[in-house]
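Student: below is the structure, and that's it, no one-letter string:
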C-alpha cells in the first residue's frame, strides 16, 4: 500500500504541508494552526471545534470564497487559504 500523496496549500501566504484525503481544517491543525477566523463581534479567535460540519466556528476563505467550513473542504494542491475576519464579506 502506498502512502497518500503530499502537496502544499498556502495559509495567509505561507506553505502548509498536506496529504491526499485531508480537509483544509486537518491540514491547518496538523501544522499547529489553532485559529483562523475571528468573530464579527468581539473579534474572538475561532478554529476547528466540532470537526463534522455542524457548527460554523471553522469558517475560512478558500480560493477567494469566504465562509467555507474548513472541516468539510477537501484540501487541493495549490489552494489559497486565508484567515477570515467575521463573515468574510
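Tutor: Looks like it came in fine. Nothing here was measured: the structure is a model prediction, and the numbers come from that model.
Student: paired strands for the helix or strand bottoming out on mean pLDDT in the chain, with orientation please.
Tutor: Sorting the helices and strands of the chain by mean pLDDT, DSSP states H and E puts strand 84-85 at the bottom, at a mean of 86. As defined by DSSP bridges, the strand partners of strand 84-85 come to strand 37-38 (parallel).
Student: can you give me the end-to-end span of stretch 61-75?
Tutor: Stretch 61-75 has an end-to-end distance of 12 Å (criterion: CA to CA, to the nearest Å).
Student: tell me the buried residues in that stretch?
Tutor: Using 16 or more other CB atoms under 10 Å as the test for burial, stretch 61-75 gives 61, 62, 66, 68, 69, 70, 71, 73, 75. For every residue, glycine as well, the C-beta is placed using N, CA and C.
Student: hang on, the first one in a strand?
Tutor: Pointing back at residue 61 there. Yes. With DSSP: H, G, I helix; E, B strand; the rest coil as the criterion, residue 61 is part of a strand.
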